[in-house]
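*Asks:* have a look; sequence and predicted model below, questions after that.
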Amino acid sequence: MGQVAVTMRIMPESAEGFEEMKKEFAEKLKPHKVEDVEIAFGLKALKVVFIIPDGEGGADKLEEECKKIKGVGQVDVQGMDRL
């Protein structure tokens, strides 16, 4: 079984808790890569890349874990690529 890179865009509930949300992502979910993405008028989102085992439902489980992080408003899977 191989691995899959899952790219997600994480929108915060509000701009005030962005840095805390970013820190919690790094500590709890240990993503491969995290980037700040400017959306509009000072609003930022996170572009997060995870490396997970290739298997059925892996991205869905990861999306549910992301939604549990305090301050997360919306989670969008933007891409999945086999490594």
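*Replies:* Received it, and whenever you're ready, just let me know what you need.

*Asks:* quick one, helices of this protein?
*Replies:* 18-28, 58-67 (DSSP state H).

*Asks:* could you redo those as a markdown table and give each row mean neighbour count?
*Replies:* Every residue, glycine included, has its C-beta placed from N, CA and C. Formatted as a markdown table, the helices of the chain follow (neighbours: other Cβ atoms under 10 Å):
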| stretch | mean neighbour count |
| --- | --- |
| helix 18-28 | 15 |
| helix 58-67 | 14 |
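
*Asks:* how about a markdown table for these, with distance to residue 7 added?
*Replies:* Converted to a markdown table, the helices of the chain look like this (distance: least, Cβ to Cβ, whole Å):
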| stretch | distance to residue 7 |
| --- | --- |
| helix 18-28 | 14 |
| helix 58-67 | 10 |
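
*Asks:* residue 4 is nearest to which of those helices?
*Replies:* Shortest distance between residue 4 and the helices of the chain, using Cβ to Cβ, is found for helix 58-67: 6.7 Å.

*Asks:* the closest one vs helix 18-28, what angle?
*Replies:* For helix 58-67 against helix 18-28, the angle by axes from the mean of the first three to the mean of the last three Cα atoms, to 10 degrees is 130 degrees.

*Asks:* quick one on the thing from earlier: which one of the helices of the chain lies nearest to residue 2?
*Replies:* helix 58-67 (11.4 Å).

*Asks:* and the closest one, C-alpha only, in CSV?
*Replies:* Only the C-alpha atoms of helix 58-67 are listed here, as CSV (Å, rounded to 0.1, in the frame of the first residue of the first chain):
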residue,chain,number,x,y,z
GLY,A,58,-8.6,8.1,4.8
ALA,A,59,-9.3,11.6,3.6
ASP,A,60,-12.8,11.6,5.2
LYS,A,61,-11.4,10.6,8.6
LEU,A,62,-8.7,13.3,8.3
GLU,A,63,-11.4,15.9,7.4
GLU,A,64,-13.4,14.9,10.6
GLU,A,65,-10.3,15.2,12.7
CYS,A,66,-9.6,18.7,11.3
LYS,A,67,-13.2,19.8,12.1
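
*Asks:* list the contacts of residue 74.
*Replies:* Listed by Cβ atoms under 8 Å, 6 or more residues apart in numbering, the contact set of residue 74 reads 10-11.
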